[in-house]
Every structure is written in C-alpha cells, then in structure tokens.
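K.L.:
Have a look at this fold, sequence not included:
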C-alpha cells in the first residue's frame, strides 16, 4: 500500500512539474558561411532550395514530395510523406519572405507526431561572409512537455540542424 502512495506521489510530482514548465520551446542554430549574402540567399529563398540542404530528405530515397503554389512566395506549400520514422509526413507553408534577410514558414507535422511549428532561416552580412540562423518555435503538449527538462528537444534539433546548416555551407562555398 505504501508503494502505491509513493508511486502516486511521483506521478503527481511529474504532472505538477510538467504544468509549471510550460509547453512552448524554441531552438536556433547558426553557422558562418564564407560566401556573399546573395549566394546564401539563393539557397534559402524557396522551399525547393531549402530541401537541397534538408537533413531529413536524404534519409528516404523513396520520399513522396509535392509542391503547390508559386515557390518563393507566401502561401506556397511543400508536402512530404515518408515511411521513415524520423522523416514522417507533413506540410510546410511559406508565411513571409524578407529579401536577403528572412524566410519564415509554418510546419505542420502529421507523422510521427502531430504538431505545428514556425520555422525560419535568417541571413545577415558578417564582413565578407554570411551568418545563417535556422530556428524553430513550437510547443510540446502537456504532459509530454516534461521531456524539456532532459534536453531531448535541443539534442535532436542540434544534431539535425547542424547537419542541414553544414550542407548549406557546402552548397554556398562551392
């Protein structure tokens, strides 16, 4: 009986902590690219260009992809569907483009987990180079948001964003 009280107390504590830490999170990673901003911008300003350095697309050679609308303009959409767990399925819609500054999108994940996030790539001149920042703002539903305490989101995002930004660097510095 005491074990049940202890277990109940631990579960209650986890639920209380999850309620206190909130569900929202954001992540951003940057890289310095030794190329002028106009070259970097060419690899950022459309959904198709972004997909050339995506860390996920190359994980599934059989990924199904579809573009709709006028790529490079707000409202254009990219959809993907993959049986690979870390790729999943979803859509990405361009929200806003500020020439040679920011490309922002809404990402709606269908699989492996449902969710919505706001993604962006921001570029700025740094001397003769370009600083590229890739970020995501999203949330994790309660009580799953407890994973924020263990750095799971940051660990996964850091790995994937690092791969993508390094691919972008290679494309721009050719």
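P.N.:
Yep, it's here. Bear in mind the structure is a predicted one, so any value in this text is a computation, not a measurement. Residues are numbered from 1 along each chain as shown.
K.L.:
Point out where this protein drops to low pLDDT.
P.N.:
Applying pLDDT under 70 to the chain picks out residues 17-18, 20.
K.L.:
name the element the spatially most central residue of the chain belongs to?
P.N.:
By C-alpha atoms, centre = their mean, the chain has its centre lying nearest to residue 136, at 4.9 Å. Assessed by DSSP states H and E, residue 136 sits inside strand 129-139.
K.L.:
Show me what secondary structure element comes after that strand.
P.N.:
Using DSSP H and E, the next helix or strand after strand 129-139 towards the C-terminus is helix 152-172.
K.L.:
What are the boundaries of the helices in this protein?
P.N.:
Counting by DSSP state H, the chain has helices at residues 2-21, 37-42, 47-51, 152-172.
K.L.:
what comes into contact with the first one?
P.N.:
This points to helix 2-21. Residues outside helix 2-21 that contact it (C-beta atoms under 8 Å, 6 or more residues apart in numbering): 142-146, 148-149. C-betas here are computed from N, CA, C, even on glycine.
K.L.:
From these, list just the buried residues.
P.N.:
The neighbour-count test (16 or more other C-beta atoms under 10 Å) marks 145-146, 148 as buried among the contacts of helix 2-21.
K.L.:
how about these in TSV, adding distance to residue 68?
P.N.:
What follows is the buried ones among the contacts of helix 2-21, written out as TSV (distance: C-beta to C-beta, whole Å):
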residue	distance to residue 68
145	33
146	37
148	34
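K.L.:
For residue 130, state which of those is nearest.
P.N.:
For those, the closest approach to residue 130 (C-beta to C-beta) belongs to residue 148, at 31.4 Å.
K.L.:
how close does the residue lying closest to residue 88 once chain neighbours are set aside sit to residue 145?
P.N.:
Distances taken as C-beta to C-beta, 6 or more residues apart in numbering put residue 111 closest to residue 88, at 4.1 Å, once the chain neighbours are dropped. Plainly put, residue 111 is 20 Å away from residue 145 if you go by C-beta to C-beta, to the nearest Å.
K.L.:
ditto for residue 128
P.N.:
42 Å.
K.L.:
again, but for residue 42
P.N.:
38 Å.
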